[in-house]
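A.B. asks: coords please:
(chains A and B)
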Amino acid sequence: MIQLYAFVRGLRELPDTDLKTVVLAHALTAVVGPAGGDERDDVVRHGLLVQALAESADAVLPARFGERFADTAALIAAVEERCGELQQRLAEVDGCVELAVRVGRARAEAGTRGLDGSAYMRARLRAITADAAAAEALHALLRRRSRDTVVTPPVASQLLHDACYLVERDRVDEFARSVETYASAHPELSLVCTGPWAPASFAGER
Amino acid sequence: MTTALAEQVTLIELVDRVLNKGVVIAGDITLSVAGVDLVYVGLRVLLASVAALEEAK
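C.D. replies: Numbering: from 1, shown residues only, chains lettered A, B, ... in the order given. Purely as a prediction, here's the structure:
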């Protein structure tokens, strides 16, 4: 049983001796290894190996954990009809990493203390509208510094914006500086930026 | 963000990415890892991020 880690292009070295490459149709290269277990450590190891692959290759399409096949022949058969599509996706992420940005409200409630009910509600509405506009402006700024984006609708009221950005490697510092600069200019927001990650958000179905 | 919290967010996000994102070929969806329902993994990313945002206030 083998486990699929990623599809790659321009791989310079394998990060682990357990891994090997398999060349499929359309010269698509897959990185596989022995199938492991389903424990948390197996998941973390999988993630770390994919991250290492991202540092050793021009382009990486991470596979979701648990993509297991009986053997190389089974992998080749399963991927056969999708090789062209996957090569296209590799071209789209070539030279890029992924950065995640989450924006929350940091506005203190002090400004609304002592207000009566309707004044409080108006003040809160103004604050919420201003926060949403600021988060939208940040997204517009970061879109210009990235090749592609995936926005996740925030599912918690504390979150204003939750998105992943596909950023060219040599523009990562510029992207991070933009986030820092925006955070400094907008103390009413709190921002968390993580990465660079292998571009998993841009690898699967969109 | 403190180093400990940053490490926690990074590790949880790494796990979430491996389990919930990426190319799917076989289509078999892993429903649990180490007996933990994966819906809670995604939820933990959210909670860790919110904790980080709260601390940044």
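
A.B. asks: give me every residue that touches the closest residue to B:Lys21 other than its chain neighbours.
C.D. replies: Distance criterion CB to CB, 6 or more residues apart in numbering or on different chains; nearest residue to B:Lys21, sequence neighbours excluded, is A:Ala200 at 3.7 Å. The way it works is simple: take the backbone N, C-alpha and C, and place the C-beta from them, glycine included. Residues near A:Ala200 by CB atoms under 8 Å, 6 or more residues apart in numbering or on different chains: A:Val50, A:Pro62, A:Arg64, A:Glu98, B:Arg17, B:Val18, B:Lys21, B:Gly22.

A.B. asks: With A:Leu99 instead?
C.D. replies: For A:Leu99, the set of contacting residues under the criterion of CB under 8 Å, 6+ apart consists of A:Ser146, A:Cys164, A:Tyr165, A:Val167, A:Val172, A:Phe175, A:Ala176, A:Cys193, A:Thr194, A:Gly195, A:Pro196, A:Trp197.

A.B. asks: quick one: which of the contacts of A:Ala200 sit in strands?
C.D. replies: A:Pro62, A:Glu98 (DSSP state E).

A.B. asks: Now do the same for the longest helix anywhere in chain A: mean pLDDT, whole number.
C.D. replies: With DSSP state H applied, the helix covering the greatest number of residues in chain A is identified as helix A:117-143. Taken as a whole, helix A:117-143 has an average pLDDT of 84.

A.B. asks: What is the subsequent helix or strand relative to it?
C.D. replies: Next along the chain after helix A:117-143, taking DSSP states H and E as the criterion, comes strand A:148-151.

A.B. asks: Could you pull out the buried residues of that next one?
C.D. replies: Across strand A:148-151, burial judged by 16 or more other CB atoms under 10 Å in any protein chain shown covers A:Asp148, A:Thr149, A:Val150.

A.B. asks: Can you lay out these as CSV showing pLDDT?
C.D. replies: Formatted as CSV, the buried residues of strand A:148-151 follow (pLDDT from 0 to 100):
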residue, pLDDT
A:Asp148, 97
A:Thr149, 97
A:Val150, 95
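
A.B. asks: could you pull out the helices for chain A?
C.D. replies: A:40-56, A:72-79, A:83-93, A:117-143, A:172-185.

A.B. asks: Now do the third one and helix A:40-56, the angle between them.
C.D. replies: Relative orientation of helix A:83-93 and helix A:40-56, computed by axes from the mean of the first three to the mean of the last three CA atoms, to 10 degrees: 70 degrees.
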